[in-house]
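1. What follows is a predicted structure for the sequence shown.
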Amino acid sequence: LTAALEIDPSLTWALVQRGQAHRQADQFDEAIADYTAALEIDPSLTWALVQRGETHRQADQFDEAIADYTAALQQDPTDAMALGSRGQAHRRAGRFGEAVADLTAALEIDPSLTWALVERGEAHRQAGRFDEAVADYTAALQQDP
């Protein structure tokens, strides 16, 4: 990917793919730099915004992650993955109400997101709403035993 970018530095697909490789190697600064470079070339790359958000979330930079997911959702308000991922970031930041709202919205768009049920259950559990947590965990197990 680096060799391809040396030939043509405007290849957004190569920047995003290299960002993915960096993120998977826990090289968060490098990943963020690649996603940012791709977005400077083409700000409409919703997928790059979501992936940069994922990188921020994995690096425990929750406010930055939420900002990226929100920007992606401004481009596509029906992106269930961006909604669910923003919910994950809210939960990890301790904002359980926002987490439940985003995860619920994601599940309304795509009810098959078992991971979103589990995340919403975690948000309920961490907020002390144990009945709701059990209901979400049970639904997740029914969906994917």
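-> Happy to help now that I have it.
2. where do the helices sit along the chain?
-> Ranges of helices within the chain are 2-7, 12-24, 28-41, 46-58, 62-75, 80-92, 96-109, 114-126, 130-143, based on DSSP state H.
3. Show residues contacting the fifth one.
-> This means helix 62-75. Residues outside helix 62-75 that contact it (Cβ atoms under 8 Å, 6 or more residues apart in numbering): 44, 46, 49-50, 52-57, 79, 82-83, 85-86, 89-90, 92-93. For glycine as for every other residue, the C-beta is placed from the backbone atoms N, C-alpha and C.
4. For PyMOL, write the selection for the buried entries among those.
-> Buried subset of those, written as a PyMOL selection, criterion 16 or more other Cβ atoms under 10 Å:
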select buried, resi 46+49+50+52+53+54+55+56+57+79+82+83+85+86+89+90+92+93
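5. before we move on, the earlier item: can you tell me which of the helices of the chain is packed in deepest?
-> Among the helices of the chain, the stretch with the highest mean neighbour count (mean count of other Cβ atoms under 10 Å) is helix 80-92, at a mean of 25.
6. Tell me which other helices or strands that helix touches.
-> Where contact means 3 or more Cβ pairs under 8 Å, 6 or more residues apart in numbering; DSSP states H and E, helix 80-92 is packed against helix 46-58, helix 62-75, helix 96-109, helix 114-126.
7. average pLDDT across that helix?
-> Across helix 80-92, the average pLDDT comes to 96.
8. For that helix, list the C-alpha coordinates in PDB.
-> Only the C-alpha atoms of helix 80-92 are listed here, as PDB (Å, rounded to 0.1, in the frame of the first residue of the first chain):
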ATOM      1  CA  ALA A  80     -26.600   1.200  11.700                       C
ATOM      2  CA  MET A  81     -22.900   0.400  12.200                       C
ATOM      3  CA  ALA A  82     -22.000   4.000  12.900                       C
ATOM      4  CA  LEU A  83     -25.000   4.400  15.300                       C
ATOM      5  CA  GLY A  84     -24.000   1.200  17.100                       C
ATOM      6  CA  SER A  85     -20.400   2.100  17.200                       C
ATOM      7  CA  ARG A  86     -21.200   5.600  18.600                       C
ATOM      8  CA  GLY A  87     -23.300   3.800  21.200                       C
ATOM      9  CA  GLN A  88     -20.300   1.700  22.100                       C
ATOM     10  CA  ALA A  89     -18.100   4.800  22.500                       C
ATOM     11  CA  HIS A  90     -20.800   6.500  24.700                       C
ATOM     12  CA  ARG A  91     -21.000   3.400  26.900                       C
ATOM     13  CA  ARG A  92     -17.200   3.200  27.300                       C
END
